[in-house]
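*Asks:* With the input below, show me the fold.
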Amino acid sequence: MNSLIQWLFEQPRGTKRTISVLMDVLFIGFAFWAAFVLRLESLAVLGSAAHWLVLLVMLPVSLLCFVRLGLYRAVLRYLGYHAIVTMVAGIVISAVAMVVAAYYLNAQLPRSVPVIYAVLALVLCGGARSTARALYNQSTKRFKEPVIIYGAGDAGRQLNTSLLHGNEYRAVAFVDDDPAMHGSLLHGLTVFAPQDMEALMVRFNARKLLLAMPSISRQRRRDIVDGLEGLPLEILTIPGMADMVSGRARVNELQEISIEDLLGRDPEEPFPELISANIRGKVVMVTGAGGSIGSELCRQIIQQGPQALVLFENSEYALYQIDQELNNLCRQAGWSIRIVPIMASVQRQNRLEAVMKSFGVQTVYHAAACKHVPLVEYNVVEGVRNNVFGTWRTAEAAINCGVETFVLISTDKAVRPTNVMGTSKRLAELVLQGLAMRQSNTRFCMVRFGNVLGSSGSVVPLFKKQIRAGGPITLTHKDITRYFMTIPEAAQLVIQAGAMGKGGDVFVLDMGEPVRIIDLARKMIRLMGYEVKDAKHPDGDIEIRVTGLRPGEKLYEELLIGGNEQPTRHPRIRTAHEVHLPWQDMAALLQELNTACEQYNQPRIRELLLQAPTAFNPQDGICDLVWQQSQAALPPAGDDNKVVALVR
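*Replies:* All right, here's what the predicted structure looks like:
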């Protein structure tokens, strides 16, 4: 039977329409004669020529009516309310045609016959279509994966309807938090309580949960996922309500639960006067425009209506990507904002000044930096040059070109750093604090925050890749913790903090509560439908393997050096007053550091970093790869054939 149904539905549209027409001819003829037989309780009417003429007249009229109403254009597998209304209208017109034809052909027609005919025809023609649709859906069920829908509201019901028409999933039950709905039936499915989830998984062999609650807060979403902790369920969700209302997404476009939604907070509405203060109608430049933070800054900036946006980026590919994206966004939104892609290094002050003067830059967001802790440990000179001297050269260029506001994107790793990357970022802060005291034309400020989810250096994309590959997830330490924030929230707060700067300010973003990375790994494994493999669960899917701390890596990150933070007008932005150097002392330190970098004198670089007021407390020796190789190539002490290796 299933194969016959499948064969019928696989036929060309023309063939299926022909079958439908022939079936309707049979059903209308049968309903016509059955109505007379039931009313007259006699078969004698079958020999009446006048009644045969009535049938011959009303049959083409009925079929023509069905054609005009579009009944034969309807796809049976998607048969719905509109098709039923069309069927009723067609049958009523057919019954009226029976009455008119009988009147003009002088055929006997008891008053109840048209009514009986209409009921029989509707049952036969409509019932056949509904039966075919039900048989088709039933035949495809065994090819669909059983899923449970969490949320029995409008979105959940729409999702269930969409799944009926799809070929991938079939809903087997609803789950909802509302006790009033428990036990009720929706679209033939029972609504259960969340506590029944484990039993439902066993009963229906379901391994996927579809979260159909697009308007809930991130906190509520976290609570739901935490309540499912320990169940081997892959959780998928439908797009947010804003995307569905705007037409950018549909209810049946399922997505993986975003770890950003679970760790991030519900966004705070930006203060209009802060978010646009340094941007609207101005020429804005973003250094490192192709990076994770830089690119999001650009997306936020163009929404505030700048006169022009200068993209300053060292990577050709990253610059191409963000330039294309922003131009497409402007075209779609109808914005007349000039996007200027500039490929150059922040270490070249003459290039920076040429760009700033040529385009009349008024606001600079300095996001260009080497930020990967182990890589900077392995490439000390380049990390120091880019983070310290790149910031200095960009800031000097801003002063010389009359830039109004300069905002540095800093990091929590600059607080009591144990690595060169954090130390170089703290030195960059000291540079700007010194320049802020040296002059007053350009307002300098720094915004310090922790890790952002989904950036190029984030553990989230790495963990996802490792899980999809079957594991193991590699973790440097079981107790390591980090602060996390979503990239859009971080960029939005950076822009608002920059608008509050008076000169030399250090702003600290409220990062929420720190997260244990091992807990994050476990949550991601479960969200993707797997079980953690450990001593208690040797039959699990994904192992978490501890590899040991990397060079310069800290167990815990901090946001403040001292405890003298103060609130600002924004609830998620605080300001800190911290140690700084007069510009004369800072300039002397930079001169010595520059000389040490030119000579590739790693011990001297380490000594200067330790002398600077950065609270640098290295946990490892010098890890620079070139320096280590040069030391390995030196002959043992006392060798008569000494070779002096000078690496520049």
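
*Asks:* what secondary structure does A101 sit in?
*Replies:* Per DSSP: H, G, I helix; E, B strand; the rest coil, the secondary structure class of A101 is helix.

*Asks:* My guess is it contacts V54. True?
*Replies:* Yes. Contact criterion Cβ atoms under 8 Å: A101 and V54 qualify, at 4.5 Å. Just so you know, the C-beta spots here come from the backbone N, C-alpha and C atoms, and that holds for glycine as well.

*Asks:* These two: who's more crowded?
*Replies:* Taking other Cβ atoms under 10 Å, A101 and V54 do not tie; V54 has more neighbours (25 against 21).

*Asks:* Enumerate every residue touching the more buried one.
*Replies:* Each residue near V54 by Cβ atoms under 8 Å, 6 or more residues apart in numbering is listed here: F32, M98, A101, A102, L105, A107, L109.

*Asks:* by contact count, what packs against the longest helix that the chain contains?
*Replies:* If you go by DSSP state H, the chain has its longest helix at helix 13-40. Where contact means 3 or more Cβ pairs under 8 Å, 6 or more residues apart in numbering; DSSP states H and E, helix 13-40 is packed against helix 2-9, helix 49-68, helix 113-121.

*Asks:* now those as TSV including distance to K144 and mean pLDDT?
*Replies:* Shown next, in TSV, are the helices and strands packed on helix 13-40 (distance: least, Cβ to Cβ, whole Å; pLDDT from 0 to 100):
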stretch	distance to K144	mean pLDDT
helix 2-9	14	56
helix 49-68	32	86
helix 113-121	34	89
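
*Asks:* quick one, which of those is packed in tightest?
*Replies:* Mean neighbour count (mean count of other Cβ atoms under 10 Å) peaks for helix 113-121 among those, with a mean of 20.

*Asks:* can you give me the angle that helix makes with helix 49-68?
*Replies:* Going by axes from the mean of the first three to the mean of the last three Cα atoms, to 10 degrees, helix 113-121 is angled at 50 degrees with respect to helix 49-68.

*Asks:* Convert the C-alpha atoms of helix 113-121 to PDB, please.
*Replies:* This file holds the C-alpha atoms of helix 113-121, laid out as PDB (Å, rounded to 0.1, in the frame of the first residue of the first chain):
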ATOM      1  CA  VAL A 113     -32.100  15.000  -3.100                       C
ATOM      2  CA  PRO A 114     -29.800  18.000  -3.800                       C
ATOM      3  CA  VAL A 115     -29.000  18.100  -0.100                       C
ATOM      4  CA  ILE A 116     -28.300  14.400   0.100                       C
ATOM      5  CA  TYR A 117     -26.200  14.700  -3.100                       C
ATOM      6  CA  ALA A 118     -24.100  17.500  -1.700                       C
ATOM      7  CA  VAL A 119     -23.300  15.700   1.500                       C
ATOM      8  CA  LEU A 120     -22.400  12.500  -0.400                       C
ATOM      9  CA  ALA A 121     -20.300  14.300  -3.000                       C
END
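
*Asks:* I'd like to know which elements that helix is packed against.
*Replies:* Other elements packing on helix 113-121 under the criterion 3+ Cβ pairs under 8 Å, 6+ apart are helix 13-40, helix 81-104.

*Asks:* and the angle for the longest one with helix 49-68?
*Replies:* By that I understand helix 13-40. 140 degrees.

*Asks:* Centre of the chain to helix 13-40, how far?
*Replies:* Put simply, helix 13-40 sits 53 Å off its chain's centre (Cα atoms, centre = their mean, to the nearest Å).

*Asks:* and what of stretch 482-495?
*Replies:* Taking Cα atoms, centre = their mean, one finds the center of stretch 482-495 at 15 Å from the center of the full chain.

*Asks:* list the buried ones in that stretch?
*Replies:* 482-495 (16 or more other Cβ atoms under 10 Å).

*Asks:* ok, of these, which one's closest to A633?
*Replies:* Closest approach to A633 among the buried residues of stretch 482-495 (Cβ to Cβ): R482, at 37.7 Å.

*Asks:* Show me the strands in the stretch 351-500 of the chain, by range?
*Replies:* Under the criterion DSSP state E, counting those that start in this stretch, the stretch 351-500 of the chain contains strands at 363-366, 405-409, 443-448, 451-453, 473-475, 481-482, 484-486.

*Asks:* Could you list the residues in contact with the second one?
*Replies:* Counting by Cβ under 8 Å, 6+ apart, strand 405-409 makes contact with 278, 288, 293-294, 362-367, 369, 391, 394-395, 398, 428-429, 432, 442-447, 494-495, 497-499, 501, all of which sit outside it.

*Asks:* ok, now stretch 340-355?
*Replies:* Contacts with stretch 340-355, where a contact means Cβ under 8 Å, 6+ apart, come from 285, 287-288, 308-314, 316, 319-320, 322-323, 359, 361, 366, 368, 385-386, 389-391, 393-394, 396-398, 400-401.

*Asks:* picking up where we left off before, the contacts of V54: which two are farthest apart?
*Replies:* Greatest spacing in those, by Cβ to Cβ: F32 and L105 (13.7 Å).

*Asks:* hmm, back to that, now the helices and strands packed on helix 113-121 as CSV including mean pLDDT and distance to R569?
*Replies:* Output for the helices and strands packed on helix 113-121, formatted as CSV (pLDDT from 0 to 100; distance: least, Cβ to Cβ, whole Å):
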stretch, mean pLDDT, distance to R569
helix 13-40, 83, 65
helix 81-104, 84, 54
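
*Asks:* could the ones you listed go into TSV alongside distance to E531?
*Replies:* Formatted as TSV, those follow (distance: least, Cβ to Cβ, whole Å):
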stretch	distance to E531
helix 13-40	46
helix 81-104	43
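
*Asks:* Double-check T476 against P551; I have them as touching.
*Replies:* No. If you go by Cβ under 8 Å, T476 and P551 don't touch, sitting 10.6 Å apart.

*Asks:* Please say which of the two ends up with more neighbours.
*Replies:* P551 (19 against 15).

*Asks:* That one and D624 touch, don't they?
*Replies:* No. Taking contacts as Cβ under 8 Å, P551 lies outside contact range of D624: 10.1 Å.

*Asks:* so what sits against both of the two?
*Replies:* Common neighbours of P551 and D624 are listed as E377, Y378 (criterion: Cβ under 8 Å, 6+ apart).

*Asks:* how many neighbours does D196 have?
*Replies:* If you count neighbours by other Cβ under 10 Å, D196 ends up with 15.

*Asks:* give the contact list for it.
*Replies:* D196 neighbours (Cβ under 8 Å, 6+ apart): V175.

*Asks:* Tell me the pLDDT of it.
*Replies:* For D196, the pLDDT comes out at 90.

*Asks:* gap between it and N160?
*Replies:* 18 Å (Cβ to Cβ, to the nearest Å).

*Asks:* okay, F32 and L105: which has more neighbours?
*Replies:* Higher neighbour count among F32 and L105: F32, with 24 against 16, using other Cβ under 10 Å.

*Asks:* Skipping adjacent residues, who's closest to the more buried one in space?
*Replies:* L55 (5.3 Å; Cβ to Cβ, 6 or more residues apart in numbering).

*Asks:* Quickly note the distance from the one you found to Q492.
*Replies:* For L55, the distance to Q492 (Cβ to Cβ) stands at 73 Å.

*Asks:* Output the below-cut-off pLDDT ranges for the stretch 351-500 of the chain.
*Replies:* Scanning the stretch 351-500 of the chain with the threshold set as pLDDT under 70 gives 454-457.

*Asks:* hmm, 90 instead?
*Replies:* Applying pLDDT under 90 to the stretch 351-500 of the chain flags the ranges 371-373, 411-416, 418, 440, 448-471, 475-490.

*Asks:* check contacts around T476.
*Replies:* Residues near T476 by Cβ under 8 Å, 6+ apart: V546, T547, G548, L549, R550, E553.

*Asks:* for G230, helix, strand, or coil?
*Replies:* Applying three-state DSSP: G230 is coil.

*Asks:* so it touches R522, yeah?
*Replies:* No. With contact defined as Cβ under 8 Å, G230 does not count as touching R522 (10.0 Å).

*Asks:* residue ranges of the helices in the stretch 301-450 of the chain, please?
*Replies:* Counting by DSSP state H, counting those that start in this stretch, the stretch 301-450 of the chain has helices at residues 316-333, 349-359, 373-378, 380-384, 390-400, 420-438.
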